[in-house]
Structure formats: C-alpha cells, structure tokens
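A.B. asks: no sequence on this one, just coordinates:
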C-alpha cells in the first residue's frame, strides 16, 4: 500500500470535513436518493472493485476486454431476471434477441431508449416531428429526452391516485408516435402502469413501447409471483431501463438498458470515421468513461445472485408493508394509489375534518427536524384540469428494517405535531415577489440571472450562498407549485447554479 504524504492526508481530511455537510447515506434516515443494502460488505466490495478498475477507460473494450466481459455478465443477468431469455436462446432471431448496454444511470438509459426509438421511427419512414407518448407520472428524464432529441412530449392525464387508464393512452396512438412509455412502477406514486395492455396495443399498432423500470427493475423480479406482467414476458415491450445504482445497490452511476432486437439496438449507437483521429463508436452518450461503477455493479451481482437479491427485496417488502399500514392508519393521512415496490407517497386525507388533516409537506418538514429526510413532491394540475395532490414520498431500502420502529414512531409523532395545520397558502407569499411583467410569468421573456436571483431573494432563498434553502420547505414548495412552470423552472436553475458558484 502506498503511504500518503502529509499533504495528501490533509486533503483527505478536508474531504471528510466536506462530507459532514451531507445527508447521511447510510443508516436508513434518508428516504430518497440513496439505496442502502445495510450490508457493509457490499460497500467494501464495490469500493475495491472500483479501485481495481480505476485506470481503465470504458471507451474501448477492444483495448480493455475486461469492460466487455463484465458488461456481458451484467446484461446476461438482467436479461434473465426480466424474462428476456425466452426470446434470446437457440433459434432466436435478430428481431427477438434481447441485447443491452450498461449506461451511466437511469437518465442516460431513458435518453438512449428515446433516441433509439426516434431513429428507428425515422428509418421506417417517419417524417416531421415525432411524438413521445406517456402518462403524466412518467419520469422527468423523458421530458429531458424529448427536449434533447426534438420530440413532442404528449402527457396523458391519470386519475387522482396517479393511476393510468390504458385506454386513455391507447386512444392517442398514431403513426407519428415514435415511442410509448410506461413505468414499473412510477416514481411519484409507485403505481405499476398497465404495461401489458399498453404494450400489446402498441405492438398491434406497430409502435415501440419502453418500460421505465429504473427503480423497479432490480427489485420487482423478487417481489412476488402475484404481480401483473410488466417486462419482456410481454411481447410488445421493446425496451426496458433498470438502474443498478438503485436496488442493485451499486454506487452511482450505473444502469442497464435492454432492447428487443439487435437491429433495434444498433440505432442506439453513434459511429463516425469522418475525422482524422481514431474511429469513434459509442453505444452510450459518453465516450471516455470510468469502468469503476460497472465493476462495482458486476461485483455485487456476483456476490448476491438471485438468493441475495431475493432476500434484500423481501426485506424491502416487509418494511414497505409495515410503513404503508402504519401511515394509512394515521388520522388525516392517506396512501396515494396502490403502490407496488419499495416506495409510496402520502397525501392529506381530504375526507377528514379540517382539524384532523395532516399536510404532507408540513409532515416532511417536521420529520426533518426529527432526523428523517422525506421527499416533498409538489401538486400538479393536469391538462384535463384534474389536480394531483402534493405529497410526501418515501423510498424504502433493506436497511429500513433495522430502524423500522423508530421510523414509524417519527411518522406518528410528526403527524401529531402538525395535525390541523393547513397547507401553505401561496397567495399569502406571492405579494413578496417583485412586480413581474406578464411576459415573464408566461415564460415568453427570459429572466437574467440577476432578475431570477432577485425573485429568489424576495422569497428568502439563496441570499446566504451555501445555506440557500430555508429550514421549512413547505412554503417554498407551495410557491413553486403556484407559479407558472416556466418561471419556476428558471428560478430552480438559478438556485442550483448559484450553489456551485465560487464564493467571493
């Protein structure tokens, strides 16, 4: 082992000091963003795998064959658990064989699924601007994909529990649809979309159908035998995204994108020899890339296998069922929809008397004070006028089981502490905003950075640099929900951009 100099030790000490600013990534107190297996061995295994592959460039598997070898193993395992082997064995054709790619994360997997479908649509004679068709609960990564790749995103409304009527989606099919997307499950409310009905109809209509299983792909295969079909067992499913850095317990960022058919998947690639350097052939958005996250994901798959993943999935299931039961029993709260998988959302029970209701954003703020980070999700008024309530979102991991009693106790206490406190009325807060021209409110006039910062400051946000967010986030979420989407998005850009600016 190389001995570090004093200067290097000081650098690492500073890094450790910076880490104290972060939310805890282990221990089960952060119920979003982190996926803690509760097994210290997996963390150490992943760290050593990353260290082993640290100097390797994943750009060129002909120079570094270990990259291709690990990718084959990961894709093979993912293909099997997602019922892709049935069409990929002896006698399989180029149109049925399930092939895939390891990507840098769910967003890249989703982007590449859209890019592939768009290019295939064009190759099959599509002209003009293609549509990307999905329920309103589809992950924001598909908004980004439509924006990047020039598709019209058409979002189909869901009911007040976030559940999609398959017919509402199917009725919007047309020759200009390059891709239909459904989720297994959706992130906001954990509803399993009606994949079989949508994918089967898409197949009959000759449309591509992607299943976004970024959060469910590495846990639902072991969740139980009573789940509706949602993966490659359905012939109409043409691609699936599934993140290893979620319930595959790998470090960020590593995901898998599987495609039905070699010819389909080849549209995913970018290749050029039209420059004086080496020929460039990329299956992903990135060129040069670390092989570390791939190695970590590969090592964890080798270590866990089916039995290990099954045990961790069942731990998540037990904890989720206990939490859903406990939360649903709290006066003034309700569980949104019919969650499937290790995540769910809590909303105000609007059938309860006003004095008994619990606002989920006040609940989350109080939970934070008690040492638990629960994600706050704003409400949304859909194109049909139906409003989806604002909610608190919880993602459950295997480590949750070790803190389950304390977590349920905190939920009950937080609800008791805020019960009867009405949701923040943004109308009371909006007068603090500077006078804004109608063009800005409509998103037709672009705010300068200083104008955006002035608005943030009027809301008490961002003036303290690194301490940009107020202690209570419920008012911020209420204002952001009330403002027009283009303005809200511009303000959030300014907030995040300012966080990374050097302090003068």
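C.D. replies: Cool, got the structure. Small disclaimer: the values here were computed from a predicted structure and weren't measured.
A.B. asks: tell me the phi and psi of residue 59?
C.D. replies: When read as degrees, to the nearest 10, the backbone of residue 59 gives phi -60, psi -40.
A.B. asks: Mind pulling up the pLDDT for the closest residue to it other than its chain neighbours?
C.D. replies: Spatial nearest neighbour of residue 59, chain neighbours left out: residue 288 (4.7 Å); criterion: CB to CB, 6 or more residues apart in numbering. The C-beta positions use only the backbone N, C-alpha and C, and glycine is treated the same way. Confidence at residue 288, expressed as pLDDT, is 89.
A.B. asks: Touching, residue 288 and residue 57? I think so.
C.D. replies: Yes: using CB atoms under 8 Å, residue 288 is in contact with residue 57, at 5.4 Å.
A.B. asks: Quick one: residues in contact with stretch 328-339.
C.D. replies: With CB atoms under 8 Å, 6 or more residues apart in numbering as the test, stretch 328-339 has contacts from 161-163, 185, 189-191, 320, 324, 327, 344-349, 352, 356-358, 360, 363, 389, 391, 411-412, 415, 419-420.
A.B. asks: Throw together a PyMOL command that grabs the buried residues out of the residues you listed.
C.D. replies: Listed next is the PyMOL selection for buried residues among the contacts of stretch 328-339, using 16 or more other CB atoms under 10 Å:
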select buried, resi 161+162+163+185+189+190+191+320+324+327+344+345+346+347+348+349+357+358+360+363+389+391+411+415+419
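A.B. asks: Which of the contacts of stretch 328-339 fall in helices?
C.D. replies: 320, 324, 327, 360, 363, 411-412, 415 (DSSP state H).
A.B. asks: sorry, back to before: of residue 288 and residue 57, who's got more company?
C.D. replies: residue 57 (15 against 9; other CB atoms under 10 Å).
A.B. asks: tell me the contacts of the more buried one?
C.D. replies: 63-64, 288-289, 291.
A.B. asks: Can you say which two of these are spatially most distant?
C.D. replies: The span of the contacts of residue 57, defined through CB to CB, is set by 63 and 289 at 13.4 Å.
A.B. asks: who's more crowded, the two?
C.D. replies: residue 289 (19 against 9).
A.B. asks: Please report phi then psi for the spatially closest residue to residue 454 that is not a sequence neighbour.
C.D. replies: Spatially, and ignoring its direct neighbours in sequence, residue 454 is nearest to residue 434 (6.0 Å; CB to CB, 6+ apart). Dihedral pair for residue 434: phi -60, psi 160, per degrees, to the nearest 10.
A.B. asks: List the contacts of residue 434.
C.D. replies: Here residue 434 is in contact with 454-455, 458 (CB under 8 Å, 6+ apart).
A.B. asks: Centre of the chain to stretch 303-312, how far?
C.D. replies: 23 Å (CA atoms, centre = their mean, to the nearest Å).
A.B. asks: which parts of it are buried?
C.D. replies: Of the residues in stretch 303-312, those buried (16+ other CB under 10 Å) are 304, 308-309, 312.
A.B. asks: Same list, the residues you listed, but as CSV with distance to residue 264 please.
C.D. replies: Formatted as CSV, the buried residues of stretch 303-312 follow (distance: CB to CB, whole Å):
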residue, distance to residue 264
304, 30
308, 32
309, 27
312, 32
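A.B. asks: so what's the nearest residue to residue 146 once chain neighbours are set aside bridging to?
C.D. replies: Using CB to CB, 6+ apart and skipping the chain neighbours, the partner closest in space to residue 146 is residue 153 (3.9 Å). As for beta bridges, residue 153 partners with residue 132 under DSSP bridges.
A.B. asks: just for the protein, where's the confidence low?
C.D. replies: Applying pLDDT under 70 to the chain flags residues 89-94, 432, 441-443, 462-468, 504.
A.B. asks: How is it partitioned into domains?
C.D. replies: Annotated domains of the chain cover 51-300, 307-418, 426-499 [automatic domain parsing].
A.B. asks: Any idea how far apart the tips of the shortest one sit?
C.D. replies: Meaning domain 426-499. 25 Å (CA to CA, to the nearest Å).
A.B. asks: ok so residue 331 is a helix residue?
C.D. replies: No: with DSSP: H, G, I helix; E, B strand; the rest coil as the criterion, residue 331 is assigned coil and is not in a helix.
A.B. asks: any idea how far residue 415 is from it?
C.D. replies: 8 Å (CB to CB, to the nearest Å).
A.B. asks: do the same with residue 22
C.D. replies: Distance from residue 22 to residue 415, by CB to CB: 27 Å.
A.B. asks: Likewise for residue 379?
C.D. replies: For residue 379, the distance to residue 415 equals 19 Å [CB to CB].
A.B. asks: neighbours around residue 476, how many?
C.D. replies: The number of residues near residue 476, taken as other CB under 10 Å, comes to 23.
A.B. asks: Repeat that for residue 274.
C.D. replies: Counted with other CB under 10 Å, residues neighbouring residue 274 total 7.
A.B. asks: Against which helices or strands is the host helix or strand of residue 77 packed?
C.D. replies: Per DSSP states H and E, residue 77 falls inside helix 65-81. Packing partners of helix 65-81 (3 or more CB pairs under 8 Å, 6 or more residues apart in numbering; DSSP states H and E): strand 98-103, strand 255-260, helix 292-328.
A.B. asks: Whichever helix or strand comes after the longest one: which residues count as buried?
C.D. replies: Sequence-wise, the next helix or strand beyond helix 292-328 is strand 333-335, with elements assigned using DSSP H and E. Buried residues in strand 333-335, counted by 16+ other CB under 10 Å: 333-335.
A.B. asks: for stretch 234-251, same thing?
C.D. replies: So, applying 16+ other CB under 10 Å, buried residues of stretch 234-251: 234, 236-251.
A.B. asks: Ok, stretch 401-410 next?
C.D. replies: Buried-residue list, stretch 401-410, by 16+ other CB under 10 Å: 401, 403-404, 407-408, 410.
A.B. asks: Now do that stretch: everything it contacts.
C.D. replies: 27-29, 38, 315, 318-319, 322-323, 326, 367, 370-372, 400.
A.B. asks: quick one on the thing from earlier: intersection of neighbour lists for residue 331 and residue 415?
C.D. replies: What both residue 331 and residue 415 touch, as defined by CB under 8 Å, 6+ apart, is the set residue 358.
A.B. asks: what about the strands in the stretch 1-150 of the chain?
C.D. replies: Under the criterion DSSP state E, counting those that start in this stretch, the stretch 1-150 of the chain contains strands at 98-103, 131-135.
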